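**Q** I would like to see how this sequence folds:
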Amino acid sequence: MYKIMFVDDEEQNLFLMEKIIDWEEMGFRVCGIALDGEEGIQVFEETEPDVVFVDIRMEEMNGLELIERLQKEKKQAIYVIVTAYDEFSYAKKAISLGVKDYLLKPVSRKELIPMVQEIRQNLDEAKKKESETNFIHMQYESGIFSFAFSRLEESCLKKEAIAATALPGLEGVIRGQRLWFCELFSPVEKIGCLMEATKDWEVKYRFPGYDHIDIVALEEKKTAVLAAFEALRKSSLKKKYNLQVNPCFQNVQEFIDGYQEGFKKRSYGFYEEAGGLYFSETVEENQVREYLRYGESGDEPLQKLLYNGSCGEMEKQVRRMADYAREKGSRPDGLIDEMIEVLFLVKSQLTAVYKDRAFMILRHRNIWNLHKVRTKARLLAKMEESLRETADAVQNMLEDKGNYSLMGKTAEYIQEHFSDPEFTAGEAAEAVHLSRNYFLKVFKEEMKISFVDYVAKIRMERAKKLLKDTDKTIYVISREVGYESQYHFSRKFKNMYKLSPNEYRSL
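**A** Residues are numbered from 1 along each chain as shown. Here you go, the predicted model:
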């Protein structure tokens, strides 16, 4: 519903304009009326209308002077003049002021209705264009911030320094605004659920991370965001949400400093069972480094994994390691180092026992990604997943099933990377240490489908779910499933399912 106001020094004319047509049916709400120019300026400032009908001849300040005054004060609206005089001089002046149109008194419905319909169409088109422009702009800014978070996390994991110049375009997005950022994570909730839970928060940007989401908001919205987090916690006590709040920033260097400080101190909430709110600048750095190292209680769990394909005892062992570190209040990053050592030990012992047959086991996993994990539950889940995969591979070898699946579960690697528009067969082949051509040959032999068709199928299945379960635009969905071009995505979707994405959504 658009807002419209009328300015005329004769009350009967104002009454006529209010009643001459059903404004709400035409898509407008009368937000104000004024009997002279000065009152017109005051009503405009109070109501900010989209359209102004103004009488051209009024005492003290005529309609053209009113429009000129409003425009000098940067008051944007569509102006229509109403006059009893069809004079060229007035029309010429009105044109120079950008007046949309004019009506001669007495105003007739026959002339008014098509004019209002055209104004409504112009407003709709302008609103749509503004919305599309804002969306593209936000997508651009979001991409820059997303890259910045990814680049900073990488530099912190590698313990490398990073300069503001390594984050191109970010200064132009910050633009001196007072911003702040936080990290929302949970030991049980998936990334998609975290995104859904925060969809109504008053924030500028949200980005999915490894096991969390990064959030950027205006400083003035901090109270509202923190209140939304507390409401989320109270409504979902069993899901144990955590929010780490990092410092405010106004430029790239302050953003870098705040991120690095938060990265160093985020271990504060690592073992938290009930969930909580943490401010990184108030957290004292934990210096405790005491851990239960693998093998201190015997090597039997590893032997069962290596020779029987049984991982139950290994899972119990890593849980004991985590519980011990929590009991001692030790640093989580040190515990993660211990877990990584366990996986490296498993890999080296598998190679010693099974030689080349064990080459592909765990090769597709980036073990160092464990340092991205923020909760004990996530860490244990990742460790147990790796150990069970290893146990399955050992059982396959013991039963003489030949090669360990398709290059160490290449399918899982594809599932983790298919949404990247730049994901290629070469990347997948490199991950399992095979040449691209040989990889493609073996993949098709074992999967009975080409690599390209397999990836396309995964992307389209994911797209179908997003089309049915969300109200995201086709453009956003195409990006989320790995297509830079919405046209390319839509054409591929229709070729596969004989329906366009919109047609499928409307079923």
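
**Q** mind naming the longest helix for the chain?
**A** If you go by DSSP state H, the chain has its longest helix at helix 109-157.

**Q** ok now that one, how far from the chain's centre?
**A** 16 Å (C-alpha atoms, centre = their mean, to the nearest Å).

**Q** run through the neighbouring helices and strands of whichever strand or helix holds residue 382.
**A** Using DSSP states H and E, residue 382 falls within helix 376-398. On a contact count with 3 or more C-beta pairs under 8 Å, 6 or more residues apart in numbering; DSSP states H and E, helix 376-398 meets helix 300-308, helix 312-328, helix 332-354. Heads up, the C-betas are built off the backbone N, CA and C, glycines and all.

**Q** next, count neighbours for the nearest residue to residue 161 once chain neighbours are set aside.
**A** Using C-beta to C-beta, 6 or more residues apart in numbering and skipping residues adjacent in sequence, the residue nearest residue 161 is residue 155, 7.3 Å away. By the measure other C-beta atoms under 10 Å, the count of residues near residue 155 is 18.

**Q** before we move on, what about the one 10 residues further on?
**A** Residues near residue 165, counting by other C-beta under 10 Å, number 8.

**Q** could you number the chain from 47 rather than 1 from now on?
**A** Sure, I'll start counting at 47 from here, so that last one is residue 211.

**Q** and residue 518, which of the three is it?
**A** For residue 518, the assignment made with DSSP: H, G, I helix; E, B strand; the rest coil gives coil.

**Q** skipping adjacent residues, who's closest to it in space?
**A** residue 512 (6.0 Å).

**Q** what sits up against the helix or strand in which that neighbour is found?
**A** Using DSSP H and E, residue 512 sits within helix 497-515. The set of residues external to helix 497-515 that reach it, using C-beta atoms under 8 Å, 6 or more residues apart in numbering, is 460-461, 464-465, 469, 471, 474, 485-486, 489-490, 493, 495, 518, 523-524, 526-529, 535, 538-539, 542-543, 547, 550-551.

**Q** elements contacting the helix or strand that comes right after that helix?
**A** Per DSSP H and E, the first helix or strand lying C-terminal to helix 497-515 is helix 520-526. Under the contact criterion of 3+ C-beta pairs under 8 Å, 6+ apart, helix 520-526 touches helix 497-515, helix 532-543, helix 547-552.

**Q** tell me the secondary structure for residue 337?
**A** Residue 337 is classified as coil under three-state DSSP.

**Q** before we move on, the earlier item: need the buried ones from the contacts of helix 497-515 selected in ChimeraX.
**A** Here is the ChimeraX command that picks out the buried ones among the contacts of helix 497-515, judged by 16 or more other C-beta atoms under 10 Å:
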select :460,464,469,471,474,485,486,489,523,524,526,527,528,529,535,538,539,542,547,550,551
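
**Q** so who does the residue lying closest to residue 433 once chain neighbours are set aside touch?
**A** Of all residues not flanking residue 433 in the chain, residue 357 sits nearest, at 4.2 Å (C-beta to C-beta, 6+ apart). Counting by C-beta under 8 Å, 6+ apart, residue 357 touches 350-351, 430, 433-434, 436-437.

**Q** give me the pLDDT value at residue 66.
**A** The per-residue pLDDT reported for residue 66 equals 90.

**Q** per-residue pLDDT, the residue nearest to it when sequence neighbours are not counted?
**A** Once flanking residues are discounted, residue 66 sits nearest to residue 155: 6.0 Å by C-beta to C-beta, 6+ apart. Per-residue confidence (pLDDT) for residue 155: 88.
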